[in-house]
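Engineer: have a look at this prediction, sequence included:
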Amino acid sequence: MKHPLTRLTLIITATITASASLPSVAQLPNFNMQPGKWSYTTRTEIPGMGSIPMSFDQCVTQKDIDEGRSLSAQKEAGMDCKYQDLKTMGNRFTFTAVCRSKDMPEPMVIDYDMMATSTQFDAKMTMTGGHTKAMGGKMNMTMSAKRLGGC
């Protein structure tokens, strides 16, 4: 089993990327993510544990976008997420994801606030529930991503 923090980062990344690439998921914002090589930087703040940075690059193809690869990553991680309270104000999006998993004692609630275009985004997330109780009750994460060019 993956460490809960690694799994959590996967879920959050998948949810954000899903919001960028799936116009068929009506509850999520769509900012028409462009295919190509994307660079992601995250920072997770866990009470009592400090700040955990993470960076990675990912190639996103048009096929990935068309087939909704991001939501399948959530399913592969054993998560079932529902989205609610979407608000769009220009290129700012706020929404809430409620994610369930057989490995979590209760649903994880993730509140998102993001600014996004087709080639970059900045997001702030606050997570409660799920595994967060074992890590101090609430976690905050920031994520920035930008398209670097072709894959």
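Structural biologist: Now that the structure is in, tell me what you want to look at.
Engineer: could you point out which element follows the strand or helix carrying Tyr83?
Structural biologist: When elements are assigned from DSSP states H and E, Tyr83 belongs to strand 80-89. Sequence order places strand 92-100 as the next helix or strand after strand 80-89, per DSSP H and E.
Engineer: mind listing the strands that next one pairs with, and their directions?
Structural biologist: Strand pairing for strand 92-100, determined by DSSP bridges: strand 80-89 (antiparallel), strand 108-116 (antiparallel).
Engineer: look up how far Thr119 lies from Ile52.
Structural biologist: Distance, Ile52 to Thr119, by CB to CB, to the nearest Å: 26 Å. All C-beta spots, glycine's among them, are computed from the backbone N, C-alpha and C.
Engineer: buried stuff in the strand holding Tyr83?
Structural biologist: Within strand 80-89, the residues that count as buried by 16 or more other CB atoms under 10 Å are Cys81, Tyr83.
Engineer: tell me the contacts of the nearest residue to Lys138 once chain neighbours are set aside?
Structural biologist: Closest residue in space to Lys138, ignoring its immediate chain neighbours: Thr128 at 5.3 Å, by CB to CB, 6 or more residues apart in numbering. Counting by CB atoms under 8 Å, 6 or more residues apart in numbering, Thr128 touches Met108, Val109, Gly137, Lys138.
Engineer: so Thr128 bridges to which residues?
Structural biologist: Val109, Lys138.
Engineer: Asp122 now?
Structural biologist: If you apply DSSP bridges, the partners that Asp122 bridges to are Met115, Ser144.
Engineer: that one touches Met115, doesn't it?
Structural biologist: Yes. With contacts counted by CB atoms under 8 Å, Asp122 reaches Met115, the gap being 5.1 Å.
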